[in-house]
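Participant: coords below, sequence missing:
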């Protein structure tokens, strides 16, 4: 084995996946080029689903990668690292993601609720892992940061009524001075 592979690295997470109970992708974020094309990614996702969806364990070694996973109703959550990665670190990411979503979806972690809150999922994943580096493992912090980022809607994404309401309030306060 190449000694450079055993060097400590902050780049612990290779991918985060969420698949439905048919093994189809709902969310996938790959942090390196282990699977450079979408075709290779989908083949890997089918393989991982077929190997894990009928088992009760939480960890698998597949295609030279460490995979930690958990399921909830009709969703399968996966965090993937290299074969020499610490499973506890990967499990901390998985648990943080699951617990954050559980809080954001009011304990209703299932496909429909997740699809209605994809923006929150993207924000949560970005708070937990950036470029494969684990940033946060406390779900309370993740949910708090997602809520803050959700409130900070850029002007271009505000509805016309929100802009008019904001303008009315500013005019009202300027007249009251």
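Facilitator: Received the coordinates, thanks. Worth saying up front: this structure is predicted, and the values here are computed from it rather than measured. Numbers count the residues shown, from 1 in each chain.
Participant: for the residue nearest the centre of the chain, give me phi and psi.
Facilitator: Using Cα atoms, centre = their mean, the residue of the chain that lies closest to the mean C-alpha position is residue 125, 3.4 Å off. Main-chain torsions, residue 125, degrees, to the nearest 10: phi -60, psi -40.
Participant: begin at 16, not 1, for the rest of this chat.
Facilitator: Shifting the count to begin at 16 puts that one at residue 140.
Participant: and stretch 112-129, average pLDDT?
Facilitator: Stretch 112-129 comes out with an average pLDDT of 89.
Participant: so which bits of that stretch are buried?
Facilitator: For stretch 112-129, burial by neighbour count (16 or more other Cβ atoms under 10 Å) applies to 112, 113, 114, 115, 116, 118, 119, 120, 124, 128, 129. The way it works is simple: take the backbone N, C-alpha and C, and place the C-beta from them, glycine included.
Participant: mind listing the strands for the protein?
Facilitator: Assigned by DSSP state E, the strands in the chain fall at 30-35, 40-45, 74-77, 80-87, 90-97, 144-145, 148-149.
Participant: quick one, helices of the chain?
Facilitator: Remark: helices assigned in the chain by DSSP state H are 53-67, 102-119, 126-131, 133-143, 154-166, 175-191.
Participant: got JSON lines for those, with distance to residue 84 too?
Facilitator: Converted to JSON lines, the helices of the chain look like this (distance: least, Cβ to Cβ, whole Å):
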{"stretch": "helix 53-67", "distance to residue 84": "5"}
{"stretch": "helix 102-119", "distance to residue 84": "7"}
{"stretch": "helix 126-131", "distance to residue 84": "16"}
{"stretch": "helix 133-143", "distance to residue 84": "16"}
{"stretch": "helix 154-166", "distance to residue 84": "18"}
{"stretch": "helix 175-191", "distance to residue 84": "40"}
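Participant: weakest of these by average pLDDT?
Facilitator: When I compare the helices of the chain, helix 175-191 is least confident, with a mean of 71.
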